[in-house]
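K.L.:
Pasting a predicted model and its sequence here:
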Amino acid sequence: MTNLTLNEDETMLVDSARGFLDEASPVEKFRELRDAGKAYNPELWKQMADLGWTGVLVPEDQGGIDMGHAAANLLAQEMGKTLVSSPFISTAVMAATALRQVADNPRAAEALGKIASGDLTYALALDEGVKHAPNNTQMQAERVGNGFSLSGEKTFVVDGGSADRLLVLARTGDDDGALTLFDIPADRDGITRTAQNMIDARDSAQISFEGVEATGEDVVGTVDQAMSVLSPALRAGQAALAAEMTGLSSGAFGMTVSYLQERKQFGVLIGQFQALQHRAAHLWSDIEVATSTIANAGRMMDEDPENATLAVSLAKAKACQTAKLAVMEGVQMHGGIGMTDAFDMGFFMKRARVAQEWLGDYGYHAEQIAKIKGY
Amino acid sequence: MTNLTLNEDETMLVDSARGFLDEASPVEKFRELRDAGKAYNPELWKQMADLGWTGVLVPEDQGGIDMGHAAANLLAQEMGKTLVSSPFISTAVMAATALRQVADNPRAAEALGKIASGDLTYALALDEGVKHAPNNTQMQAERVGNGFSLSGEKTFVVDGGSADRLLVLARTGDDDGALTLFDIPADRDGITRTAQNMIDARDSAQISFEGVEATGEDVVGTVDQAMSVLSPALRAGQAALAAEMTGLSSGAFGMTVSYLQERKQFGVLIGQFQALQHRAAHLWSDIEVATSTIANAGRMMDEDPENATLAVSLAKAKACQTAKLAVMEGVQMHGGIGMTDAFDMGFFMKRARVAQEWLGDYGYHAEQIAKIKGY
Amino acid sequence: MPFDTTNPEKFRADIRAWLAENCPTEMQDGDSTADSICWGGRNWTFQSDAQKQWLNVCAENGLTCPTWPQEYGGAGFDRDQEKIWLSELGRINARLPLQSFGIWMLGPALLHFGSHEQKLHYLPPITRGEIRWCQGYSEPGAGSDLASVQSKGEDQGDHWVVNGQKVWTSYADKADWIFALIRTDKDAPKHKGISFLLFDMQSEGVSTRPIKLISGASPFCETFFDDVKVPKDQIVGTENRGWDVAKYLLTHEREMISGGGSGRGAGRSLAKVLADAGHDLSEASLRSEAIACDIEEMSVALTIERYKDQAAGGKGVGDASAMLKYAGTELNKRKHELFMSAGGSEALQWDGATGSLPADWLRTKANSIEGGTSEVMLSIISKRVLGLPG
Amino acid sequence: MPFDTTNPEKFRADIRAWLAENCPTEMQDGDSTADSICWGGRNWTFQSDAQKQWLNVCAENGLTCPTWPQEYGGAGFDRDQEKIWLSELGRINARLPLQSFGIWMLGPALLHFGSHEQKLHYLPPITRGEIRWCQGYSEPGAGSDLASVQSKGEDQGDHWVVNGQKVWTSYADKADWIFALIRTDKDAPKHKGISFLLFDMQSEGVSTRPIKLISGASPFCETFFDDVKVPKDQIVGTENRGWDVAKYLLTHEREMISGGGSGRGAGRSLAKVLADAGHDLSEASLRSEAIACDIEEMSVALTIERYKDQAAGGKGVGDASAMLKYAGTELNKRKHELFMSAGGSEALQWDGATGSLPADWLRTKANSIEGGTSEVMLSIISKRVLGLPG
């Protein structure tokens, strides 16, 4: 039976991840990246590959450890706690999930191997408007001879500035669902990447495509059938992102509780103020509840992937609310110091805001849930 | 310039109303009515007439004191504080406002006089479904000779069981707005009134009309033009009801603050618990904010009635939220005793719930606001 | 036991077959409203033959208390088997055969603190729905301060003579026996002089008076003890250490009231109620609140599952159960506000088309008060889970 | 004064005519963002000729501080006249000609506590935008406990020598003068030994260091006093009674931060921002939150008006102003969360199409901290307005 607690392997994974990240990537490492204007630390990425994390969803045949989505979520959750910045979700979760849908294709298999070894990063070029809406894709992939010519604009391509390759969603027909997913190198002729100056200081790009050529080989899966490979990848990314946000919530909450235990005002520890106690207790409850939805999403994706959409949207919707509350309470309870750039809480707030939008915000997932439940 | 504080006349009106009601109609009087299964106390109604209240919106020519909507709201607010049960809003606010739109009509003028003298009560038979939606009226008033034949079902007719006369909204044509308002005696042939067993123990009826005859004389205003007389009446009723709800919120809050000041738990006054203090302070703030919207609605209706819809919907929407919070906090902070029928808090909760629905709930008025603001 | 426990698939198949054969169709209406609950007890009147038949066939197979040991009337299921049992019940929308304070509260206390003899004596009649129990904790004026017990038991050698008053005793007027906190050492510190006693409500000196609630119902009583004789062997645990038992039970109560096990609207699907109310949910604020509530309901339900899994795995839940109580009861209130809103004017009538909805709505307001208020739960979390000072 | 004050209609007509003649078209963009505010001061660089012209023509007519007496540079408007002035500005979407801490804070303090000479000396330069003031209240580590002032002034006969440190000094690096709380009697009880001093930021021994915030901006500074000489006549009110002045001013600050007067996004219309973001509001949760926020915004704005009317009527608002500060700042945070949500990924970029929205959003998080936290406001209400114990 499905069990929502961690099994032994998972407990070990979490413990070792925490130990590694506390050493290799505490929040101050993110600050260093931010101050240096860097998207992520390639050395850390290499270490994560050595630990098997980049291959957490890659089949063993391609050199991965194939631990499944629940494990991927746990890694994302631990990374969230100290705001690790890396292409983990884009590459190791989403691209790996998309490519393994067609793992019998030699090119996909090769890419999976390189993801597992840490030698290849991906970004997903999906959205064109200010809100997540993959089904509204307008970008055209016109048939030219045996291939395609891609033209259009993508925005909010997370990790898009640094990724080696792009998974690009484009329209190949007039029917609503006639979309195709292309796997192309990010430096192919006709591609222009413009860095977006993101509030969370992570890598995001606006990417324009002008007559970019693609061959049939570049198609992931089948023409006009993007969603059969993309949907599992989106679900995987949404769940991992929800996990990262829940980790982020825990991280912010941990800082806040520590502050309540040490900061004095009016001669007493502010943690003695009952109003703050109750709000902290409420927030803790909310994080516990969110954590359950993450565990459930992981189990569903591993055990019954076809029916996991509800579980995933539930996790992302809940994580959006919880993270918003956690960072708002975090700043408010810290008072003025929480507003300063020299203090870390602002990083949590800004990361949470971007994560809320990426891959569908609360409203998007709420409507997904309503649709599934027949409202 | 519009001033949102009370002027001298209004201050006097409020003071005398409070003095009178504390004596004549404290909450225990409502309990007596409830236990006796009575809708309202005709003697109190007569006293309210003697004080001029039933004529607060009746022109002086018809024997009213014509103090305007802000004053009517203030009376409703004071009544709300001790849960006075009377046909004030149906009769003195809504029917009076509808009839004075056609006060040059001798029948309307006569009716207004009787409202002012306390000799005539009205109920408005508008809604047919579970939600307030006057524009969705389906009840037919078929033309028969020079007159009409009314057939259909009305529900949630507040004060409908005891009212002398009914203002009935019926369809006289196929166009959306082709509605007509009829003023007919509640005991006319073909009318069957069935008491609804309301949670707030007030008078509400389901009323069925089977071939009820109406003449052209019975039409209030013009055939197919119900809204020109009904809209001002609805606005007036909605604002007065919002005022009653805000009074109700203050009444419940007053009980709650007193309890916080006297009840001990774990050896201290519960009013010393900061978490409760902050929630009480928040609730007080919310009631203050709601009070401002009532004042504004009154001023707008008196000074610029054509443009008062936004102000009225704002007042009712805000009052719904505030009353809900006030009674929920009232019960919760009282603990077990708040749940007993022997204690008054439950009356506030039940009255608030019915008032939330009557004449449009939060969602209804929120959408009205959105429509006016062009969302 | 007619179920093959060697593997989950086999077990599920057996359960399914057994249900097909034994669960009366009328018991598959899934609508576990307050009215449809089977409470059992000496004076129980079955609402239908089907209800009686369903209780009996389940009791015979230990399925009223499936996780209790077989020797005490249970089925001895482990956590995974219980999940399968419940999921198969859910699949056919079957009602629970029996619900009671004996199952939720006294049973767990006896299983943990009782002697083998006590378990043999008290548990089987609970599983068969023969004895209905009530809980005597709260006292007038004590409110959330449960340990301020004033009801006292005077030691008379082989028995105590109990005098005092309880309040908020659920269904005391319908119960056969009571488990009560009684002060047996008035000189000891507040938490140290209380014993956990069991006695028959038909004992001389016991009387009850129903408390009418704002919903019009009277599920609670005031209960009076006037020189009630309680034999010394009718104690659970050690004399004067009854607070340990009470604390243990409060944890169970919290989990129950959180919505995990009670019939208090827990089974009412949000979508179903809204559909019954004929609501199309096109209006933004209602729609948005319905979805938000649904999200919270699913999330809390998963958390209850997760905590149960954790408990079954041997890791205690402890004070963190305060969270389930808090989140579950606040959610239940929110949900019923939504139901009332969707029900519109029909839900404003005691006997309208929405049935017991208004009474249920008012009933939920007590959820965050009884069994420890939401405020007490938050304080437990802040002090014992988060370690905040003072 | 070019306005006929004999009756409101005439007055309004005069104002309208005056504005038509004197308010530059560029100043009628109504978009009072942080960037477009005219702060004035010795080092002020006008963003445009229009901004300069608008300030000057208003200052000449007392319209930068319309309710101040004419002898001190105001226009001597009463409350009703002020309402007409503001509503006519609103009608043409005109910017305020000048905003400053001198107008919001020091002015009201001087008008209430200052001598006639002080008023004549300090107020007119404020109305003309010549001297920009900053506020020196908070100190490191003090947080909400403003009265725990450590900066001290040593009495040297005709002057004090001030040493210490302030923090959260708004725009101290851009201000010309400071009004500061300084402890002038270290032996008196906490609230009794503080004086309210004024001094030039160019005085020897004053230095500032900007604090970088999470929004990337640095509107606040740390401010250091190292043997700063402050002449004895530069005190407002009585020596060692500066807390009275501070308390009086805190009330003004609360009203201001509540959104009644500051440029902090108060002028941003909800509908306009959502429309700019190209959002059609068909998605239920966003639509519902937008309407709810709009309802709250209109309601709070009306409450500010009502309280102003009450104050103008001679009934003090007093501690109840804490409510305006609380409700206004919490609303502002909520509104900016909504803006961010409507702005989607565009609003996640510092320099995206939504302009300063993300920085403004982060800035609002300080609203419920500065000038007394929301928690302090709630405590003031519960204790001083509601009379709750403890």
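P.N.:
Arrived safely. Numbering: from 1, shown residues only, chains lettered A, B, ... in the order given.
K.L.:
all strands for chain A, in order.
P.N.:
A:122-125, A:140-144, A:147-158, A:165-171, A:179-185, A:191-195, A:204-214, A:264-265, A:268-269 (DSSP state E).
K.L.:
between the ones you listed, which one is nearest to chain B?
P.N.:
For those, the distance to chain B is smallest for strand A:268-269, at 11.3 Å, taking Cβ to the nearest Cβ. In this view, the C-beta of every residue, glycine as well, is placed from N, C-alpha and C.
K.L.:
Contacts (any at all) between chain C and that closest one?
P.N.:
Yes. Counting by Cβ under 8 Å from any Cβ of the partner chain, chain C is contacted by strand A:268-269 at A:V268, A:L269.
K.L.:
Relative to that strand, what are the paired strands and their orientations?
P.N.:
strand A:264-265 (antiparallel) (DSSP bridges).
K.L.:
Pick out the shakiest of the strands of chain A, pLDDT-wise.
P.N.:
Note on the strands of chain A: lowest mean pLDDT is at strand A:264-265, with a mean of 90.
K.L.:
distance between it and the chain's centre?
P.N.:
Taking Cα atoms, centre = their mean, to the nearest Å, one finds the center of strand A:264-265 at 38 Å from the center of the full chain.
K.L.:
Residues contacting it, please?
P.N.:
Residues outside strand A:264-265 that contact it (Cβ atoms under 8 Å, 6 or more residues apart in numbering or on different chains): A:I270, D:G143, D:S144, D:D145.
K.L.:
The one residue in the stretch 151-300 of chain A that gets nearest to chain D - nearest residue in space that isn't next to it in sequence?
P.N.:
Going by Cβ to the nearest Cβ, chain D is nearest to A:F156 of the stretch 151-300 of chain A, at 3.8 Å. Counting by Cβ to Cβ, 6 or more residues apart in numbering or on different chains, A:F156 lies nearest to D:S345, which is 3.8 Å off, once chain neighbours are set aside.
K.L.:
ok, the one you found - contacts?
P.N.:
A:D127, A:V130, A:K131, A:T155, A:F156, A:E357, D:G352.
K.L.:
what bits of chain C have low per-residue confidence?
P.N.:
Applying pLDDT under 70 to chain C flags the ranges C:1, C:30-34, C:255-273, C:276-280.
K.L.:
Could you chop it up by domain?
P.N.:
C:8-103, C:133-240, C:244-385 (automatic domain parsing).
K.L.:
end to end, how far does the last one reach?
P.N.:
Terminal residues of domain C:244-385 lie 19 Å apart, using Cα to Cα, to the nearest Å.
K.L.:
still on that earlier bit, would a markdown table of the contacts of D:S345 with distance to D:T303 be doable?
P.N.:
Formatted as a markdown table, the contacts of D:S345 follow (distance: Cβ to Cβ, whole Å):
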| residue | distance to D:T303 |
| --- | --- |
| A:D127 | 40 |
| A:V130 | 33 |
| A:K131 | 34 |
| A:T155 | 40 |
| A:F156 | 39 |
| A:E357 | 33 |
| D:G352 | 34 |
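K.L.:
will you turn these into TSV that also has neighbour count?
P.N.:
Formatted as TSV, those follow (neighbours: other Cβ atoms under 10 Å in any protein chain shown):
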residue	neighbour count
A:D127	24
A:V130	22
A:K131	24
A:T155	23
A:F156	28
A:E357	24
D:G352	20
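K.L.:
Closest to chain C out of the residues you listed?
P.N.:
Using Cβ to the nearest Cβ, those come closest to chain C at A:K131, 16.4 Å.
K.L.:
what sits against the closest one?
P.N.:
A:K131 touches A:E357, A:D361, A:Y364, D:G344, D:S345, counting by Cβ under 8 Å, 6+ apart.
K.L.:
Is chain D within reach of stretch A:200-211?
P.N.:
Yes. Counting by Cβ under 8 Å from any Cβ, chain D has neighbours in stretch A:200-211: A:D200, A:S204.
K.L.:
Using the three-state scheme, assign C:Q165.
P.N.:
Following DSSP: H, G, I helix; E, B strand; the rest coil, C:Q165 is assigned to strand.
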